[in-house]
Structures are given as structure tokens and as C-alpha cells.
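1. predicted structure and sequence below. I'll ask about it afterward.
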Amino acid sequence: MSAGSFAGSIAAGWLSDILGRRYALMIASLVWIVGAMVQCSAQNVTHLVAGRVVSGLAVGVTSSQTCVYLSELAPARIRGRVVGIQQWAIEWGILIMYLIAYGCVVGVSGTAAFRICWGVQAVPGLVLFIALFFFPESPRWLASQERWEEALDTLAIIHANGDRHDPVVQVEFEEVQEAVRVAHESQEVSFLALFGPRVWKRTMCGMSVQMWQQLLGGNVAMYYVVYIFEMAGMTGNTTLWSSAIQYVIFLVTTGFMLPFIDRVGRRNILLIGSVTCMAVHFIIAGVMASKGNPVSSVNGNANLTWEIKGSAGMTVIAFSYIFTGIYGLTWAPTAWIYAAEVFPLKYRAKGVGLSAATNWIFNFALAYFVAPAFHNIQWKTYIIFGVFCTVMTFHVFFTYPETVGRSLEEIDLVFETDIKPWRTHEMGDLFGEEIERRKELGAKTDTSGTTHEEVV
């Protein structure tokens, strides 16, 4: 699926720019349904792999363009919460599918056990496809197609219950108009253009935040936590239910963070996450190295050549849960939010698509790295991820500007200034200042009109 997701992410920007954010997601929903049906009807491994690749294409489009769609719809003050809901919804999906799969394993016999799991996947795809008929198109995409009246109406609905003359609507509409004007003056967008003089810093931010999200070790922890439980001596249903606890922790921590994600700031969340995850990785490595011992295999699993039992094993499990909680609070939602914010309008769909492709290619690579790493270097695997966390901390601090609370057009100005990334939070709220100026102007106009009527 990761390979299909990589290809889907690359194609997503082109599809989204031509058809619009909404129709791109509708097509992806249909592709997902087809992929689920192919998997459900699989007769052999090749058949199943083909279905997974088809589903991966849909995942590539939705994982990148849902962020774009939500970021272009959401008001700046709650954009993090709105885009972060995507990650939270994914976590709900992970937990629900895990429980369905568990139920099929213990309660269904024969090929129906896996066919039910694969078939159920089609349901959310169908729900999303139908729901998108009732959602508005991105006002920024509409503006890029010079459908100005529709763009203004959508902004008015989002910000002011349909009032096209509201100061917030007018200021944002003018910002969008300026962004479109600049976009029309620039060269045609290709993937090579994403590395041009005006955009390369943003591209590096978008791609690297997705790369670091994978190298932080979050998805590795989710995929391979069963290995940790087995090394700690757990077996059977105990291992399966312990994995379910991890998914619940993941879900709860991300849900807890969403109301605060637009207050804390993107940089702070990413830095806190990388530093604390670094500490957890090194702690787990230290406990495993000092309290564990080498073995030929664990419960017949030849990939595992290290075991750590007793209280030390419980300590490793506890810190694995802590790591999942930190990941859910920090990098899991914020990496997707940040990647969707940093690109200018004309480059956004392709830029976020390339960023998502980076996420998926590292996801694919780590899937082939971790199992051999646990086999060959055991606890040192955690040292490697701890080092990654150390490097990303410095990279985020020195190269990632703050984007929280700013309109997407205002973020363009942040990247075009010479202010150091760690000082960008000191920039004034240009969007808010302009809105206040418009309100004051409107108030003076009203007062002037009232005075005139009284004199007459």
C-alpha cells in the first residue's frame, strides 16, 4: 500500500489543480472502494497485492489533498484544529479496524475472516463520496480558476454566515485575489519548480516535516509494538489487547491536543515532541541494554533475538505507551498541518502531494528496515531513532518559521522576510490589524452617516 500511496501522492497535485479539491477527493473515494472490493475478492497473493496498490493510490490522494482542502477552507484561528481532525479521524479508523480484525480472527472461520475485513473498508469510502456532494469547494481553488463570485460566497459562508461585506471576508478575499495575481504572473508549476528560488525553502519544510514524522519512530512504534510485547514475555490475547490499548492512547492524546493546537504554536509542538521522544528512545535503549539478554528467537519469531522480562520488560512497555502518547500529542497531527500551510496557492496541491509522497516513501523504507534491525542490532535500533530525534530538533529550530494563527496568504509574507525562523512569532498580526482597520473605518462611516441624517 505504501508504494501505491507514494504514486497517488505524486499524482494528487495534478488531479487537484485540474478538477478541484472536492472532485479529487471524490475520485479517490471511488478508487478506494474499487481497491477494497479487489482485496475482498482476492484469490491469491498477487490478487491481494493488486488491491492494496489500488487502495494505496486513493490513500495517496486523500492523505495529501484532504489537508489542502481543509487548510483552504478553515479560518486561520482554527486551521490547526480543523486540519488536525483528519489525523484524529485516521486514528479512529485504525482503532475500529483493529477491533474488527480482532473480532474476525477470534469469531469467524475460513476465508470470510479476512474478506469481511477487506470488504468493510469500502463503507467509509462510500460515506465520504456521498458527503462530498454537500461540501463546498475550496474558495482558493475557485479563485485560481477566476470563479470570483463563488469564491467570495464560500468565504462569506465560512466566516460570516453568508455576509459578503463582513470585514473578515473582504480582507481575506483581497488577500486571495493578490495571491492569485502573483500565481498568474509566475511560471507554470512542475515538480522541478517546487525547488525554484522562491519556493525551495517551503518545499524543504514540507518534505522534511513529513520525513521527520516517520524517522521520529511513531509509525514504527504502532506497527511493531507487538514485537516489544513479545520481547517482554507477553503472548496470545494479552499481546493483542495490549496493542489495542496503544491505539486508544494514540486516539485520546490527539483528541486532547486538538483544542490547544492553535494556541501552542507549530514550532513549539514539534520541538517538544522531538525532544521528549528522543529521551524516551534513549531510556528504552538503556533499559533493554542493561536488563535484557540475547536469545535465538522469541516465541518462535526468528526476527526477535533479544528478550527483556520482569519489571524491566514492564518498564519498556510503559515507555512505549508514553512514546505513543507523545507522538499523538505532537508530531502525528502537526506534521500534516504544517505541510499544508507552508506552500503558496499555486504550488500548494503539488507541494503537499510531494510532501505526502515523502512521508510514504519513508514509511515504505522503514517497513523493510525495522524487522532486520530488531534481529541484528536489537536495542540499538532505539539509539538510531533517538539520534534522528536529536537531529530533527535542531533542524526544526533553525529552519521552520511559525505559521500558527496566520492566514495562508500571510504565511507567504513570513517566508519572504529575512526574519530568523525562531523569531517569526514576533511578527505582527497583519491580517488582524487590517480587519480592525476596516471595522474602524466602517464605524466612522456609520457615525458620519448618522450625523448627516440628524443635521438634515
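-> Received it, and whenever you're ready, just let me know what you need.

2. ok now do the residue lying closest to residue 34 once chain neighbours are set aside, which residues does it touch?
-> Excluding the flanking residues, the one nearest residue 34 by Cβ to Cβ, 6 or more residues apart in numbering is residue 54, at 5.9 Å. Where C-beta positions appear, they are placed from N, C-alpha and C, glycine not excepted. Residue 54 makes contact with 4, 31, 34, 35, 38, according to Cβ atoms under 8 Å, 6 or more residues apart in numbering.

3. of those residues - the most surrounded one?
-> Highest neighbour count within the contacts of residue 54: residue 35, with 26 neighbours (other Cβ atoms under 10 Å).

4. distance of that one from residue 249?
-> Separation of residue 35 from residue 249 (Cβ to Cβ, to the nearest Å): 29 Å.

5. confidence score at the residue nearest to residue 34?
-> Reading off the confidence values, residue 54 has pLDDT 96.

6. does it count as helix, strand or coil?
-> helix (DSSP: H, G, I helix; E, B strand; the rest coil).

7. shouldn't residue 409 be in contact with residue 176?
-> Yes: using Cβ atoms under 8 Å, residue 409 makes contact with residue 176 at a distance of 6.6 Å.

8. which neighbours do these two share?
-> residue 345.

9. run through who's touching stretch 228-235.
-> By Cβ under 8 Å, 6+ apart, stretch 228-235 touches 238-239, 242-243, 288, 292, 298-299, 301, 304, 306-310, 313-314, 316-317, 320.

10. can we see that at 10 Å?
-> 221, 226, 238-243, 246, 284, 288, 292, 295, 298-301, 303-310, 312-317, 319-320, 374, 378-379 (Cβ atoms under 10 Å, 6 or more residues apart in numbering).

11. now the residues you listed: which count as buried?
-> 221, 239-240, 242-243, 246, 284, 288, 292, 298, 303-308, 313, 315-317, 319-320, 374, 378-379 (16 or more other Cβ atoms under 10 Å).

12. for residue 307, give me phi and psi.
-> Main-chain dihedrals, residue 307, degrees, to the nearest 10: phi -130, psi 150.

13. now do residue 416
-> phi -90, psi 0.

14. distance of it from residue 427?
-> For residue 416 relative to residue 427 (Cβ to Cβ), the value is 11 Å.

15. between the two, who's got more neighbours?
-> Taking neighbours as other Cβ under 10 Å, residue 416 and residue 427 compare with residue 427 leading, 15 against 11.

16. how close does the more buried one get to residue 244?
-> 45 Å.

17. for whichever strand or helix holds residue 241, packing partners?
-> Take DSSP states H and E as the rule and residue 241 turns out to sit in helix 236-257. For helix 236-257, the packing partners by 3 or more Cβ pairs under 10 Å, 6 or more residues apart in numbering; DSSP states H and E come out as helix 79-107, helix 218-231, helix 310-329, helix 331-341.

18. tell me which of the ones you listed approaches residue 277 most closely.
-> Residue 277 lies closest, by Cβ to Cβ, to one member of those: helix 310-329, at 5.6 Å.

19. just the angle for that closest one relative to helix 236-257, thanks.
-> With axes from the mean of the first three to the mean of the last three Cα atoms, to 10 degrees as the basis, helix 310-329 and helix 236-257 are set at 40 degrees to each other.

20. for helix 310-329, packing partners?
-> helix 79-107, helix 218-231, helix 236-257, helix 266-291, helix 331-341, helix 380-399.

21. rerun at 6 Å
-> helix 218-231, helix 236-257, helix 266-291 (3 or more Cβ pairs under 6 Å, 6 or more residues apart in numbering; DSSP states H and E).

22. list the buried ones in the shortest one?
-> Meaning helix 218-231. 218, 219, 220, 221, 222, 224, 225, 227, 228, 229, 230, 231.
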